[in-house]
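1. Predicted structure and sequence below. I'll ask about it afterward.
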Amino acid sequence: MEGRYAPDEARMRYRCVEYSVVRIEGGVWKWSASVDGVSIMGIATSESEAVAGAENAVDQALALKKLGNVPPRQSD
């Protein structure tokens, strides 16, 4: 798994969910995470905004999961 990430990509954990933040071009930052097999992603204009966006999205996804509104994980 180590070789999959760009050298400038920051991987972090929030509420037991791993997410990543990477600067893609200019002042644009991309964040992505996966909650129960569902990918979520977004863009931001700063690293701190990307971190906040990722953590807010994780909170929302976990809340939906708790309510049973997240599609079941797909098997391979």
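-> Structure received.
2. Could you use CA atoms for every contact and neighbour count after this?
-> Noted.
3. got the contact list for the spatially most central residue of the chain?
-> Nearest to the geometric centre of the chain sits Ala33, at 2.3 Å (C-alpha atoms, centre = their mean). Ala33 sits next to Val17, Glu18, Tyr19, Ser20, Ser39, Ile40, Met41, Ala54, Val58 when contact means C-alpha atoms under 8 Å, 6 or more residues apart in numbering.
4. nearest spatial neighbour of it, skipping sequence neighbours?
-> Once flanking residues are discounted, Ala33 sits nearest to Tyr19: 4.3 Å by C-alpha to C-alpha, 6 or more residues apart in numbering.
5. still on that earlier bit, which of the contacts of Ala33 has the largest number of neighbours?
-> Neighbour tally across those (other C-alpha atoms under 10 Å): the maximum, 26 neighbours, falls on Ala54.
6. Distance of that residue relative to Ile40?
-> 8 Å (C-alpha to C-alpha, to the nearest Å).
7. Overlap of the contact sets of these two?
-> Listed contacts common to Ala54 and Ile40 are Ser32, Ala33; contacts here mean C-alpha under 8 Å, 6+ apart.
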